[in-house]
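1. The following block contains a protein sequence and its predicted model.
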Amino acid sequence: MSEEKKQKLSTDSYKGVRDFYPADMAIQNYIFGVIKKVVESYGYLEYSASILESADLYKAKTGEEIVNEQTYTFTDRGGREVTLRPEMTPTVARMVAKNQKALLFPLRWYSIPNLFRYEQPQRGRLREHWQLNADIFGEKSLHAEVEIISLASSIMRAFGVKDNQFEIRINSRKIINYIFGELFAFPEETRSELAKLIDKKEKMGAAVFKAALKTAAGEKTDKLLTLLNSKNFEEFAKSLGETAGEKAGMDEIKTVIASLEKLGITNVVFDQTLMRGFDYYTGVVFEIFDQNPDNRRSLFGGGRYDDLLEIFGKEKVPAVGFGMGDVTIRDVLETYSLLPSPTSKIKLALCTIDENGIGYAEEVAQELRAQDISVIVNYSDKKVGDQIKSVVRQSIPYVICIGSDEIKSGKLKLKELASGKETELESSNVAMHIKNQK
């Protein structure tokens, strides 16, 4: 085949995934760093697992349709059906189930895995993303819900997002199950259809939503609408009926909200339309919503899932957790201008004036690296001015230019680029001087 006929490979990444250039990687590391600092302050321990899982793990809870249409599932060379993990909760549940007898409960675990889901890429949603998963296993009291929601709130605050800029919306699967099952006695397939419909309520016009609801709920539409359109918890409770409080999980919601308020978390609201998509939730569910008109959307959420370990034939272990994706968090930081300013992990650049300076610069660089100073050496034959311009563009704070004069004298001029201040030092004192600067 001639050179002209060879097809050129595209430089674009696969649709729905991202390339992380150093500037992007710095932001990603910042996001992960903030997350890790907060979750570890709550006593959570980090775990990890392979991105490959048996497809059966997801079929057991979500069904083959989801596995076949929304996941990357394939048959390996051994004839096994394998899936790139679309979420982390089934994986951590499998890990806990495997060593259930040896583990010391309650467990506080976290991970920041990359996840894969085959769907249409859009703002806030890609085919691959990274996601914090934080979970408590072995705590059946509502203290677990309070702690996990408090943790989510603390992470938002640590990023600099103010309480009035986000809202914590809370509901309970017990309430949803009570309404759909006991109050209205909808068949199972109708309950699933209604849950998906109600989850989209805010994105639909009132008339369109009512028409769609009538198709699914029939003659029960008006009574169901009364519940869904309740303006607050008290109005909803009154419409639901006083006797339903404990049975439907209403008392749990009141307790969680009151407990969070005692901790200074006052931006929690009851939302009877909050469904959460995964079928494994069994109790309180919550989501963090951005209040900014330019990015008003759900950011992340979670809830209680006490029954998940049963799919492994193991004893039930109560669990509460949430997942927070990096894509939506980065969008929030951009929305509120909270992204960190570009900085460099490289502390010092050594510019070389002539060929003799290169060898000496390499020796100096090695001495400094041994003292935990990150250093780069410029090997080009560019003019010193051009070398310094390159250092500035890389946001490196310090520069030293090395040539024959520096080799003879053994003295180095350390320049702080932000202030323009120069300090003459012995090479052995450079590292300590940099470390002492605030």
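-> Happy to help now that I have it.

2. Kindly provide the distance from residue 171 to residue 271.
-> Distance of residue 171 to residue 271, computed by Cβ to Cβ, to the nearest Å: 6 Å. Any C-beta I mention is one placed from the backbone N, CA and C, and that applies to glycine too.

3. Then residue 128?
-> For residue 128 relative to residue 271 (Cβ to Cβ), the value is 30 Å.

4. Name the residue in residue 171 and residue 271 with the higher neighbour count.
-> Neighbour comparison, residue 171 and residue 271: the larger count goes to residue 171, with 22 against 19 (by other Cβ atoms under 10 Å).

5. wait, what's in contact with residue 145?
-> Residues near residue 145 by Cβ atoms under 8 Å, 6 or more residues apart in numbering: 252, 256, 283, 284, 286, 304, 320.

6. how many neighbours does the third one have?
-> So the one you mean is residue 283. 22.

7. what do you get for the last one?
-> When neighbours are defined as other Cβ under 10 Å, residue 320 has 31 of them.

8. Which stretches in the stretch 251-400 of the chain count as helices?
-> For the stretch 251-400 of the chain, the helices defined by DSSP state H, counting those that start in this stretch occupy 326-335, 355-369, 384-393.

9. Buried ones in the first one, by neighbour count?
-> Of the residues in helix 326-335, those scored as buried under the neighbour-count criterion (16 or more other Cβ atoms under 10 Å) are 326, 327, 328, 329, 330, 331, 332, 333, 335.

10. which helices and strands does it pack with?
-> Helix 326-335 sits against helix 22-41, strand 128-137, strand 297-304, with contacts defined as 3 or more Cβ pairs under 8 Å, 6 or more residues apart in numbering; DSSP states H and E.

11. can you check the longest one too?
-> Secondary structure elements in contact with helix 355-369, counted by 3+ Cβ pairs under 8 Å, 6+ apart, are strand 348-352, strand 375-377, strand 398-402, helix 404-409, helix 430-436.

12. most neighbours per residue, which of those?
-> strand 348-352 (a mean of 25; mean count of other Cβ atoms under 10 Å).

13. got the angle between it and helix 384-393?
-> Strand 348-352 runs at 160 degrees relative to helix 384-393, counting by axes from the mean of the first three to the mean of the last three Cα atoms, to 10 degrees.

14. helices and strands around whichever strand or helix holds residue 110, which ones?
-> Assigned by DSSP states H and E, residue 110 falls within strand 107-111. On a contact count with 3+ Cβ pairs under 8 Å, 6+ apart, strand 107-111 meets strand 45-46, helix 89-98, strand 128-137.

15. Tell me where the stretch 151-300 of the chain has strands.
-> Here the stretch 151-300 of the chain has its strands, by DSSP state E, counting those that start in this stretch, at 166-172, 268-270, 284-290, 297-304.

16. Output the below-cut-off pLDDT ranges for the protein.
-> 1-6, 61-66, 242-248, 277-278, 438 (pLDDT under 70).

17. domains of this protein?
-> The chain breaks down into these domains under automatic domain parsing: 22-49+88-335, 348-436.

18. Good, wrapping up.
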